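J.: quick one: sequence and predicted model below, then my questions.
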Amino acid sequence: MLIAIEGIDFSGKTTQATLLHSEVKGELLKFPRRENTLIMNYLKGEKPFCEEASFFIFLADIIDGIKRAERRVESKNELVVCDRYVYSTVAYSKIDVNNAKEIVKLSPLPKADLVVLLDLEMEEYKKRIGEELDSYEKNLNFIEKVRENYLEMAKEKFFAKEWMVISSSKGVEEIHLEIKKKINSLSQSI
Ligand code: ATM
């Protein structure tokens with residue numbers, strides 16, 4: 001099974017993905033992969049490629065990572081937990097979002113069995129970035145757009161068997177239990 005944990009920065013994705021992975025049989029994949037120096041350099045502000053190309057490079061990173069975990073993705077008894085998946089590629093896309101969705105649908109990637117969207121409201125986001133606000137403030141409009149893109153995908157149930165939206169303002173344990181409950185109900189219905 002493939003479970004994607006999604007959301008804007010500071011929404012608690014890594015905490016939830018790690019917690020879930022620690023309790024189930026399977027694998028944890030974090031995208032973009034840290035060993036992908038091309039992407040890491042891009043995220044550091046270097047310009048190894050243009051913004052439009054970034055969509056395809058992030059997508060290629062995911063395709064390669066998922067291909068290597070294919071056997072587990074197809075297994076009913078193992079969970080591949082992704083800390084970000086193609087929903088990030090669409091939500092953060094520097095190309096038109098509708099085109100981005102069409103390209104994802106045409107890609108060789110599997111749909112997630114469940115997407116967990118940890119939804120963080122902008123006011124709470126500003127509080128969580130705290131002293132880093134100055135460096136991020138210029139990006140607030142972009143982050144707001146990313147959040148809207150995520151909520152739109154959840155509404156459309158884009159490219160996944162199930163979506164669940166959970167408020168990031170809930171406690172870590174409460175969110176974790178909600179996710180586990182949902183996965184248990186999905187496993188029983190497979
Ligand atoms: P993490 O901090 O979760 O590792 O993600 C790094 C950035 O990569 C994140 N940016 N911010 N804020 C989201 C971005 N990203 C994309 O733009 N496209 C993608 O396909 C993925 C997986 C991440």
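T.: Sure thing, it's come through.
J.: so how far is residue 178 from the nearest residue to residue 168 once chain neighbours are set aside?
T.: Leaving aside its chain neighbours, residue 168 sits nearest to residue 120 (4.1 Å; criterion: C-beta to C-beta, 6 or more residues apart in numbering). The C-beta positions use only the backbone N, C-alpha and C, and glycine is treated the same way. Counting by C-beta to C-beta, to the nearest Å, the gap from residue 120 to residue 178 is 16 Å.
J.: surely residue 122 meets residue 147?
T.: Yes: assessed by C-beta atoms under 8 Å, residue 122 is found in contact with residue 147 at 7.0 Å.
J.: more neighbours: the two, which one.
T.: Shown here are residue 122 and residue 147; by other C-beta atoms under 10 Å, residue 147 has more neighbours (20 against 12).
J.: next SSE downstream of the helix or strand of the chain with the lowest mean pLDDT?
T.: Lowest mean confidence among the helices and strands of the chain (mean pLDDT, DSSP states H and E): helix 133-137, at a mean of 49. Using DSSP states H and E, the helix or strand that directly follows helix 133-137 along the chain is helix 140-156.
J.: convert the C-alpha atoms of that following helix to PDB, please.
T.: Provided in PDB are the C-alpha atoms of helix 140-156 (Å, rounded to 0.1, in the frame of the first residue of the first chain):
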ATOM      1  CA  LEU A 140       3.600  33.800   1.800                       C
ATOM      2  CA  ASN A 141       1.500  34.300  -1.300                       C
ATOM      3  CA  PHE A 142       3.100  31.300  -2.900                       C
ATOM      4  CA  ILE A 143       2.600  29.100   0.200                       C
ATOM      5  CA  GLU A 144      -1.100  30.200   0.400                       C
ATOM      6  CA  LYS A 145      -1.500  29.100  -3.300                       C
ATOM      7  CA  VAL A 146       0.200  25.800  -2.500                       C
ATOM      8  CA  ARG A 147      -2.300  25.200   0.400                       C
ATOM      9  CA  GLU A 148      -5.200  26.100  -2.000                       C
ATOM     10  CA  ASN A 149      -3.900  23.600  -4.600                       C
ATOM     11  CA  TYR A 150      -3.800  20.900  -1.900                       C
ATOM     12  CA  LEU A 151      -7.300  21.600  -0.800                       C
ATOM     13  CA  GLU A 152      -8.600  21.600  -4.400                       C
ATOM     14  CA  MET A 153      -6.900  18.200  -5.000                       C
ATOM     15  CA  ALA A 154      -8.500  16.800  -1.800                       C
ATOM     16  CA  LYS A 155     -11.900  18.100  -3.000                       C
ATOM     17  CA  GLU A 156     -11.400  16.500  -6.400                       C
END
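J.: low pLDDT regions in this protein?
T.: 131-138, 190 (pLDDT under 70).
J.: could you find the closest non-adjacent residue to the residue nearest to the spatial centre of it?
T.: Per C-alpha atoms, centre = their mean, the C-alpha nearest to the average position across the chain is that of residue 84, at 2.5 Å. In this structure, residue 84 finds its nearest non-sequential neighbour in residue 31, 4.5 Å apart by C-beta to C-beta, 6+ apart.
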